[in-house]
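> give me coordinates for this.
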Amino acid sequence: MSQALPQGHLIVRGRRDSDLEACERLVLATHLHDRYPAYLGGSARSFLCHPGALSAWVAELGNTIVGHIALHPATSKTVMKLTCDRLHVTADQIGVVARLLVSPQQRGHGAGRRLLAAAATQAQALRLCPVLDVDVNLTAAIALYERAGWQRIGETRINLPDGTSLHEAVYALNPTPATT
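Numbering: from 1, shown residues only. Model prediction:
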């Protein structure tokens, strides 16, 4: 159940270095609530600050960071292969929407949808096909993606560095007719 929003209007803006501490707390809260991310890669900061990221945004309400998202040039090899095969694109034509986090206490107020829109819009402006992958057990996230118009193009397993694996659903926004 979501709580009342802090005072102010929800804005989505580019992530600043000064936001990282608040974003780290958001990663940890989301991990405890949803078990996402399943693997942190050493720390919340290393999860957030992915080498080669194209861009990152936060959702801010008043002076409170309530969400985060990033755009990456790639994701796991299995997801990239599936995406290239299904969308008939090369890897350099893909923009991976990643690291979507919304405070468990502030869900249901549009932050996730607005963050998704910001990342997808940037991917399209860069002439990249927006895609994302998600653990099939994260049903609330999947429902958000589907309500926002993302279409499932397949499923695959990814192996995490800690030896576990995840069953992932792969989504694209406005996939080509060859994928449907």
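> could you report the neighbour count for the residue nearest to residue 55 when sequence neighbours are not counted?
With sequence-adjacent residues excluded and distances taken as Cβ to Cβ, 6 or more residues apart in numbering, residue 55 is closest to residue 71, at 4.9 Å. Backbone N, C-alpha and C define where each C-beta goes, glycine included. Residue 71 is flanked by 24 other residues according to other Cβ atoms under 10 Å.
> report the contact partners of residue 71.
53, 54, 55, 56, 95, 96, 97, 98, 119, 122, 123 (Cβ atoms under 8 Å, 6 or more residues apart in numbering).
> closest to residue 88 out of the residues you listed?
Using Cβ to Cβ, residue 95 is the member of these that lies nearest residue 88, at 16.0 Å.
> name the element that closest one belongs to?
Secondary-structure element containing residue 95, defined by DSSP states H and E: strand 94-102.
> ranges for the strands of this structure?
10-14, 55-61, 64-72, 94-102, 129-135, 150-159, 165-173 (DSSP state E).
> compare the ones you listed and give me the one nearest residue 112.
Nearest of these to residue 112, taken as Cβ to Cβ: strand 94-102 at 4.7 Å.
> chain center to that closest one, what's the gap?
Here the centre of strand 94-102 is set off from its chain's centre by 2 Å, with Cα atoms, centre = their mean, to the nearest Å.
> show residues contacting the helix or strand of the chain with the lowest mean pLDDT.
Here the helix or strand of the chain ranked lowest by mean pLDDT, DSSP states H and E is helix 44-48, holding a mean of 93. Outside helix 44-48, the residues within contact range by Cβ under 8 Å, 6+ apart are 20, 23-25, 27-28, 31, 37, 40-41, 56, 68, 70, 99.
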